[in-house]
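*Asks:* Pasted the sequence and its predicted model underneath.
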Amino acid sequence: MNSLMRKLTANADPAPSTSSPSEFDPTESVRKEKSFDLGYGSEVFHVPRFFPAERERACLRVVVVPRDSCYVAAEGLPAISYNGHSPRAYSWDDFPPLKDILDAVHKALPGSRFNSLVLNRYDGNNDYVSWHSDDEVLYGPTPEIASVTFGCEREFLLKKKPSKMSPASGDEPKSKRLRKSHDPDQHSFVLKHGSLLVMKGYTQRDWLHSVPKRAKPMSIRINLTFRCVLR
Ligand SMILES: O=C(O)CCC(=O)C(=O)O
Ligand SMILES: [Fe+2]
C-alpha cells in the first residue's frame, strides 16, 4: 500500500461536518451549473461550488497528504493504463471518504455511472498534467468524466484536437457553438476548491485537456476524476 492509500485508510472516519453525505443535496448545487456546448457532440459542465464549505474542509483533511496518484476501482474491472503504466486498483470499500464523494457525484448526476477513480495530488505550481485526452478504449466512445477539485484552484484548459475528418469549427451553426469572443477551439476553466467539472459526449475524442504549470507559487491541489470502465 502506498503512502497515499495508507493515509486514506487511516482517515476512513471523516472529521465531523455540518453536512453529512446523507444531508447534503448535490442536485441543489448542480442546478447552478454552467453548461458549455463545445460543438459536434462534445459537452462540458462546470459547478464552481459543488460541495458546501464544511464538507469541502472535511474532504480536504481526508485526502491532503500524499504525493502520488492512485487508482480506485470496483472489483473485477479490466486493468487500465494511464501515464504509461497500469496502476494497482484499490478497493472502494477500503476508502469510505472517497465512496461518500462518489455517492454525492452519483446523486448530482442522475443516470450517470462511475466505477473507478484516478486521484492526483498537485504539490504546487510546478506540478501539472500535460495535454492529453482520456480516450482509452476501456472507457467507451463517449466517456463521461466527473472531476472534483479540493485545495488550491488551478486553471484547466481544453483545446480542440487537429482533425482531418471533422469540418472546420466555423462550419457549424453559430447558435450551437459556445458563444465566446475568443478562439472557439480553446477554453479555460478555473477549477476552485469544491468544484465539479464534467466532460461528456465526444470531449475525449475531439479535445485535449491539461492543467499547466504556473509561475506563481501555489499550495496543494487534489483532483478526483470519476470514470466508468466498461466490463
Ligand atoms: O487535475 C485535473 O483537473 C485533471 C486531471 C486529469 O486530466 C486526469 O487525471 O486525467
Ligand atoms: Fe485527464
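*Replies:* Noted; the coordinates are in hand. Ligands and ions are numbered 1, 2, ... in the order given.

*Asks:* drop to CA atoms for contacts and neighbour counts, all remaining ones
*Replies:* OK.

*Asks:* tell me which element the most centrally placed residue in the chain falls in.
*Replies:* In the chain, the centroid-proximal residue (CA atoms, centre = their mean) is Ser147; its distance is 1.5 Å. Element membership of Ser147 [criterion: DSSP states H and E] is strand 145-151.

*Asks:* which residues are contacting that strand?
*Replies:* By CA atoms under 8 Å, 6 or more residues apart in numbering, the residues outside strand 145-151 that reach it are 56, 59-60, 105, 191-200, 219-228.

*Asks:* Now narrow these to whatever sits close to ligand 1.
*Replies:* Checking these against ligand 1 by CA under 6 Å from any ligand atom, the ones in range are 223, 225.

*Asks:* how much distance is there from the strand holding Ser147 to the middle of the chain?
*Replies:* The chain centroid and the centroid of strand 145-151 are separated by 4 Å under CA atoms, centre = their mean, to the nearest Å.

*Asks:* returning to what we had before: filter the contacts of strand 145-151 down to the buried ones, PyMOL style.
*Replies:* Remark: buried members of the contacts of strand 145-151, expressed as a PyMOL selection using 16 or more other CA atoms under 10 Å:
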select buried, resi 56+59+60+105+191+192+193+194+195+196+197+198+199+200+220+221+222+223+224+225+226+227+228
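
*Asks:* what pLDDT does the residue of the chain at minimum distance from ligand 1 get?
*Replies:* Residue of the chain nearest ligand 1, by CA to the nearest ligand atom: Asn223 (4.9 Å). At Asn223, the model reports a pLDDT of 96.

*Asks:* Do I have it right that it meets Leu117?
*Replies:* No - using CA atoms under 8 Å as the test, Asn223 is too far from Leu117 to be in contact (10.0 Å).

*Asks:* what's around the residue nearest to the residue of the chain closest to ligand 1 when sequence neighbours are not counted, how many residues?
*Replies:* Spatial nearest neighbour of Asn223, chain neighbours left out: Thr149 (4.6 Å); criterion: CA to CA, 6 or more residues apart in numbering. If you count neighbours by other CA atoms under 10 Å, Thr149 ends up with 27.

*Asks:* thinking again about what came up before, next one: the residue nearest to the centre of the chain, what pLDDT does it get?
*Replies:* Looking at Ser147, its pLDDT reads 98.

*Asks:* which residue sits closest to it, ignoring its sequence neighbours?
*Replies:* Ser147 sits nearest to Thr225 (CA to CA, 6+ apart), 4.4 Å away.

*Asks:* again, but for Ser210
*Replies:* Trp131 (4.6 Å).

*Asks:* Sort out which residues of stretch 38-51 are buried, please.
*Replies:* Here stretch 38-51 shows 38-40, 42-51 as buried, counting by 16+ other CA under 10 Å.

*Asks:* hang on, I meant stretch 100-109
*Replies:* 100-108.

*Asks:* Let's see stretch 117-125 as PDB, backbone CA atoms only.
*Replies:* C-alpha atoms of stretch 117-125 as PDB (Å, rounded to 0.1, in the frame of the first residue of the first chain):
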ATOM      1  CA  LEU A 117     -11.400   7.000  -9.800                       C
ATOM      2  CA  VAL A 118      -8.000   8.400 -10.600                       C
ATOM      3  CA  LEU A 119      -6.800  10.700  -7.700                       C
ATOM      4  CA  ASN A 120      -4.000  13.200  -8.400                       C
ATOM      5  CA  ARG A 121      -2.100  15.400  -6.000                       C
ATOM      6  CA  TYR A 122      -0.500  18.600  -7.300                       C
ATOM      7  CA  ASP A 123       2.100  19.600  -4.700                       C
ATOM      8  CA  GLY A 124       2.500  23.200  -6.000                       C
ATOM      9  CA  ASN A 125       2.700  25.400  -9.100                       C
END
